[in-house]
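[1] Coordinates only, no sequence provided:
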């Protein structure tokens, strides 16, 4: 019996080993030293890459900004995504529902790179939006909307809304309609029903969806790379350029390790917060 | 438009169709104030839709709904003087028992000490005063049900609506709660409409029972009348009468009688309208048929058939028989311990005239 158990662990153990070996070997590199002017790395071993990282204002700034922007973007996604999800679940207008859901699915499945270029076409200096505004004489000179945090944020929000919506659809579907009807029956108008019943019951789900969106925003790479135009860098992009531009793999590895810890740390905070909120709203022993 | 003052609820030709199908079909009724009406019927008969129309969640395709003489047909659910208790109870899982019950009062601007006093009073009435701080998930089924009831009652509804209120409870508790609800209803004198598919529940609870079939009311009467004198074949079947037999009416003699196979039985209903060839459909409740040895003498107000026992089975203290007569197979449920014939025995079936009921086919 016990041996069978161990045998059953083998496939997942193997998969885990392969996946973690990549991380572990990369982290191991973070303790080595880059050979000057070369592509090799080796001794001396030490924590010098980490010390350099923590002393580098620009790298810490990028890390902090990535976290801050990810939080802001997650909040924006939440504000946009929740009503969409709510509408898809609770609207009785079947055609609009289907159209909205269809748009979300298409957005979800279209590739990141194509989407990034679409945003460039739309928001660029010679893009559709700027041309139209100029044609209408609302502006004289093009407004810069890409190669800055604005463009990156728009593209990221667009990328993340479907994730949020898909999670929140399930959450709202699980709120018994009879609870909302009971509230109405007791004298609550639709607005009150929403903020006294529907919203409180969705908060645990909102937290889950927001955590997912936050972790995706934190690890975003393509949108900052293409729409940031080098001016806006998220951590992933900074690490990438350390590898392919400055060929400093040990330093990139150290940055990755710090980033991983920070990312995990913030996600754990989210998770804890979520549990705290859930406990406040849905006490233990409740099936819902 | 004013209506008769003591009518608590009136439905005037209310219909609802979903996608061309009439779920509720020109339904009309009047329920006096303070009485309890049960909408009884199988699933899909339109009873829940009717209840939801009274609550305001479903808009009738046509017809009018009056509560205490006021037309509420187009009034939004939150403004109707009704309160509904859902089958699932629909308690707010994120609020305590106290908060659940206080919800309706808070919306009416009742706050502070006054609100606390009224909530506590009502929770005492339903024996939940010690559970005020619990969440619905920490309550038993019966406690959840009483919380839901208190939450509905606190707003002082003119009509209380209950959708299958006991379906989620197990049998013992269900019977206790049925009696408790009935007592509470009589004590408070509140007009109630209960939806159920359980005929026994309808008998225990109601002042009036409306048996619904395909969106219409087949019969609306007091429970004892529904039980003893079902008017249609559907009502008889739904009330658990297994013996529904074709018969012929004979009005030629001084005393009306019916012919059931080769047997002639006395018959007392004068209002029955026979079809062509005096054909009528007779319903015989199996508990009301006396199983006797052949040759037992009958009174003038009793009818008698004879036949052979084909099947016998003990069910608790009673025995269910299937007796083959030339009028067809007749089911009998007998509690008599002194006469328990085996299969193959010739027996007499004696039926009191008041239990020979004609129904519309």
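    That came through fine. Everything numeric in this text was worked out from a predicted model, so none of it was measured. Numbers count the residues shown, from 1 in each chain, chains lettered A, B, ... in the order given.
[2] use CA for all of it now, contacts and neighbours both
    Noted.
[3] Residue B:224 is in what secondary structure piece?
    Assessed by DSSP states H and E, residue B:224 sits inside helix B:223-228.
[4] State the mean pLDDT of that helix.
    For helix B:223-228, mean pLDDT rounds to 92.
[5] Measure how far it is from the centre of its chain, please.
    10 Å (Cα atoms, centre = their mean, to the nearest Å).
[6] tell me what that helix is packed against?
    helix B:199-205, strand B:208-213 (3 or more Cα pairs under 8 Å, 6 or more residues apart in numbering or on different chains; DSSP states H and E).
[7] Pull the residues that contact the first one.
    Right, the one you point to is helix B:199-205. B:36, B:38, B:40, B:178-179, B:181-182, B:196, B:209, B:223-224, B:238-239 (Cα atoms under 8 Å, 6 or more residues apart in numbering or on different chains).
[8] Show me which of the residues you listed are buried.
    B:36, B:38, B:40, B:178, B:181-182, B:196, B:209, B:223, B:238-239 (16 or more other Cα atoms under 10 Å in any protein chain shown).
[9] in the stretch 51-200 of chain A, what residue is nearest chain B?
    residue A:187 (4.0 Å; Cα to the nearest Cα).
[10] burial count for that residue?
    If you count neighbours by other Cα atoms under 10 Å in any protein chain shown, residue A:187 ends up with 26.
[11] If we ignore the residues flanking it in sequence, what's nearest it?
    Counting by Cα to Cα, 6 or more residues apart in numbering or on different chains, residue A:187 lies nearest to residue B:78, which is 4.0 Å off, once chain neighbours are set aside.
[12] how distant is stretch A:226-235 from the center of its chain?
    That offset, for stretch A:226-235, works out to 16 Å (Cα atoms, centre = their mean).
[13] Okay, now the sheet partners of the helix or strand hosting residue B:313, with direction.
    Element membership for residue B:313, per DSSP H and E: strand B:302-315. According to DSSP bridges, strand B:302-315 has the following sheet partners: strand B:318-325 (antiparallel), strand B:346-352 (antiparallel).
[14] how about those strands, which one is nearest residue B:120?
    Evaluated over the strands paired with strand B:302-315, closeness to residue B:120 peaks at strand B:318-325, with 46.9 Å, by Cα to Cα.
[15] mean confidence for that closest one?
    Rounded mean pLDDT across strand B:318-325 is 92.
[16] do stretch A:131-150 as well
    84.
[17] Kindly report the same for stretch B:142-155.
    Mean predicted lDDT for stretch B:142-155 stands at 93.
[18] tell me which residues in it are buried?
    Counting neighbours by 16+ other Cα under 10 Å, stretch B:142-155 gives B:142-155 as buried.
[19] ditto for stretch A:32-41
    Using 16+ other Cα under 10 Å as the test for burial, stretch A:32-41 gives A:32-34, A:41.
[20] out of the helices and strands packed on helix B:223-228, deepest packed?
    A comparison of those by mean neighbour count, using mean count of other Cα atoms under 10 Å in any protein chain shown, puts strand B:208-213 on top with a mean of 26.
[21] quick one: that one to chain centroid distance?
    6 Å.
[22] Would you give the sheet partners of that strand, along with the direction of each?
    strand B:36-40 (parallel), strand B:216-221 (antiparallel).
[23] all strands of the stretch 151-300 of chain B, in order?
    B:159-163, B:191-196, B:208-213, B:216-221, B:243-250, B:257-260, B:263-266, B:279-284, B:290-293 (DSSP state E, counting those that start in this stretch).
[24] looking at those, which is closest to residue A:175?
    Of all the strands of the stretch 151-300 of chain B, strand B:159-163 comes closest under Cα to Cα, at 19.4 Å.
[25] so what secondary structure elements neighbour that closest one?
    helix B:47-55, strand B:82-85, strand B:191-196.
[26] That'll do, ta.
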